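Student: Quick one, fold the following:
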Amino acid sequence: MVSSRGNTALPPTHSVRFYKIIALTFLALTIVLLAVVVFMSSKRADITITTKSSPIDVHAEVVIGSDVMPNSVDGEVKTETMALSKTFEPTGNRQEPGISTGVVTLHNDTSSDQPLVKTTRVLTPDGTLFRLTEAVVVPKNGTVDAAVYADKEGPSGNISAVDKWTIPGLNETKQKVIYGSSSVAMTGGVRNVGILSQADVEKARKQLEGELQQEASSAFGEVDATKPVVFSAVIDSLSVGSDIGTEVSEFSVTATATVVSVQYDEAAVAQWATTQLRNRAIGDSDIITAANNKPTVTFSAYDANAGIATLGVFMDGTVTLNPEGSDLSKEMFFGKDKNEVRRYLLTLDHVHKVEIDFSPVWMQTVPHIHEHVTIKVKEVE
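Tutor: Residues are numbered from 1 along each chain as shown. Sure thing, here's the model as predicted:
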């Protein structure tokens, strides 16, 4: 018997070349992926914004003396009634001689009082003669102010302050120890004559208002030294001694006024003014900085019926671009090229200059990754 051997089929073997292709393909994909990762991680955008501050101010009104009105601040309002009379000259269209007048301070360096009669002469070193308007007694070792008038009318009596006046009526010995001095000029030697106008009256009114305001502090006695105070005078009535339209060389005006004292909480007013200033900001795109912590406060108005006063408050500062504002959020720049970024930023207030750097240099747009975008804001030098 002849035996036979069966043939057994073997599995096909993969070629070395096939495995090489797989390995090289995997390596290429890895390199490409690594290159993409490196490229994406190296994409950066640096945006530098140079800003320029602008001045800003607020001028608003705050109410003192009310607990219910808006824009009110703690404080106290006091009033007094005062009157003042003065003589003024009109706006003249011609001049005529007048009598100069003024005040001389009389000195007595002796141990006895020295009486001087009305019209007693007082003489300047250059020989200009004046006389006492009223009789006076110059106290021993003391002084007294005396009204005087020029002996002659005309401009020669308009003289400046004099260090030492002599009294010719006294003997030479007394003239050395009883004498005069003046600190202000003598005026009135020439008078302006003109037609009294409403403008003349208004000018006089403003002058009286100012003088009443200056005298206001004495009307209220002691005030709280820890709080600032503002004084003002509100004229209630005005009496003019001459009719408008008449020719006069002088006219008298008497004013009766309500003098107002307004004390206020300085810290509260400053805080209120700072808030008003910062309210000028546009959204969160602005940063406002006050130039001074103390605003300027002036009197504005007084309401007699309500017993309240209104103060004008002025505060100034600067406004510039807010680096943390939503206008500079990084998302605003994602995908934009340099021109788009520049155009956008230059539309914002306070932007002076824009610089943009991309890396790598061939990159054309801002990457979409927060960490790869840098925004710097600096003030213009």
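Student: make it CA atoms for all contacts and neighbour counts henceforth
Tutor: Fine.
Student: Which secondary structure element is home to residue 122?
Tutor: For residue 122, the element it lies in under DSSP states H and E is strand 121-123.
Student: So which residues make contact with that strand?
Tutor: Around strand 121-123, the neighbours that count as contacts under Cα atoms under 8 Å, 6 or more residues apart in numbering are 129-132, 165-169, 180.
Student: do stretch 320-338 as well
Tutor: Contacts of stretch 320-338 from elsewhere in the structure, counted by Cα under 8 Å, 6+ apart, are 51-54, 284-288, 341, 349-351, 356, 364-370, 373, 375-377.
Student: Check stretch 370-381 too.
Tutor: By Cα under 8 Å, 6+ apart, the residues outside stretch 370-381 that reach it are 41, 43-53, 323, 328, 330-331, 352, 366-367.
Student: Residue 132 is in contact with residue 105, isn't it?
Tutor: No - with contacts counted by Cα atoms under 8 Å, residue 132 stays clear of residue 105, the gap being 11.1 Å.
Student: Need the residues touching each of the two.
Tutor: Common neighbours of residue 132 and residue 105 (Cα under 8 Å, 6+ apart) are residue 146.
Student: Distance to residue 67 and secondary structure for the contacts of strand 121-123 - can I get that in a markdown table?
Tutor: A markdown table is the format used below for the contacts of strand 121-123 (distance: Cα to Cα, whole Å; DSSP: H, G, I helix; E, B strand; the rest coil):
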| residue | distance to residue 67 | secondary structure |
| --- | --- | --- |
| 129 | 64 | strand |
| 130 | 60 | strand |
| 131 | 60 | strand |
| 132 | 58 | strand |
| 165 | 61 | strand |
| 166 | 64 | strand |
| 167 | 64 | coil |
| 168 | 68 | coil |
| 169 | 68 | coil |
| 180 | 58 | strand |
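Student: Show me just the buried residues among these.
Tutor: Those of those that meet the buried threshold are 129-132, 165-167, 180, by 16 or more other Cα atoms under 10 Å.
Student: Would you indicate which residues of stretch 277-295 are buried?
Tutor: By neighbour count, with 16+ other Cα under 10 Å as the criterion, the buried positions of stretch 277-295 are 277-278, 285-290, 294-295.
Student: ignore the last one, stretch 205-218
Tutor: Here stretch 205-218 shows 205, 208-209, 212-213, 216-217 as buried, counting by 16+ other Cα under 10 Å.
Student: now stretch 357-371
Tutor: For stretch 357-371, the neighbour count (16+ other Cα under 10 Å) marks 358, 365-368 as buried.
Student: Low-confidence bits of the stretch 1-150 of the chain, can you list those?
Tutor: Residues of the stretch 1-150 of the chain meeting the criterion pLDDT under 70: 1-14, 31-32, 34-42.
Student: So the chain: which segments form each domain?
Tutor: If you go by automatic domain parsing, the domain ranges for the chain are 44-74+265-381, 80-89+194-264, 101-188.
Student: re the thing from before, now the contacts of strand 121-123 as TSV including distance to residue 85?
Tutor: Compiled in TSV, the contacts of strand 121-123 are given as follows (distance: Cα to Cα, whole Å):
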residue	distance to residue 85
129	29
130	26
131	25
132	23
165	30
166	33
167	32
168	35
169	35
180	28
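Student: what about the spatially most central residue of the chain, distance to residue 232?
Tutor: Of all residues in the chain, the one closest to the mean position by Cα atoms, centre = their mean is residue 296, 5.1 Å from it. Distance, residue 296 to residue 232, using Cα to Cα, to the nearest Å: 16 Å.
Student: Next: residue 156.
Tutor: Counting by Cα to Cα, the gap from residue 156 to residue 232 is 40 Å.
Student: which of these two has more neighbours?
Tutor: Just comparing residue 156 and residue 232: by other Cα atoms under 10 Å the higher neighbour count belongs to residue 232, 26 against 16.
Student: Hmm, that one is touching residue 257, no?
Tutor: No - look at residue 232 against residue 257 with Cα under 8 Å: they stay out of range, at 9.7 Å.
Student: Can you check which residues contact both of those two?
Tutor: When contacts are counted by Cα under 8 Å, 6+ apart, residue 232 and residue 257 have residue 212 as shared neighbours.
Student: Please report how far residue 255 lies from residue 242.
Tutor: The gap separating residue 255 from residue 242 is 14 Å, by Cα to Cα.
Student: what about the two, which has more around it?
Tutor: residue 255 (21 against 14).
Student: I'd guessed the more buried one sits against residue 210; true?
Tutor: No - in this structure residue 255 lies outside contact range of residue 210 using Cα under 8 Å: 11.5 Å.
Student: buried ones in the one helix or strand residue 82 maps to?
Tutor: Following DSSP H and E, the helix or strand that holds residue 82 is strand 75-88. In terms of neighbour count (16+ other Cα under 10 Å), strand 75-88 has its buried residues at 75-79, 82-83.
Student: now stretch 160-180
Tutor: Buried, per 16+ other Cα under 10 Å, within stretch 160-180: 162, 164-167, 174-175, 178-180.
Student: With stretch 255-267 instead?
Tutor: Taking 16+ other Cα under 10 Å as the neighbour-count basis, stretch 255-267 is seen to contain the buried residues 255-266.
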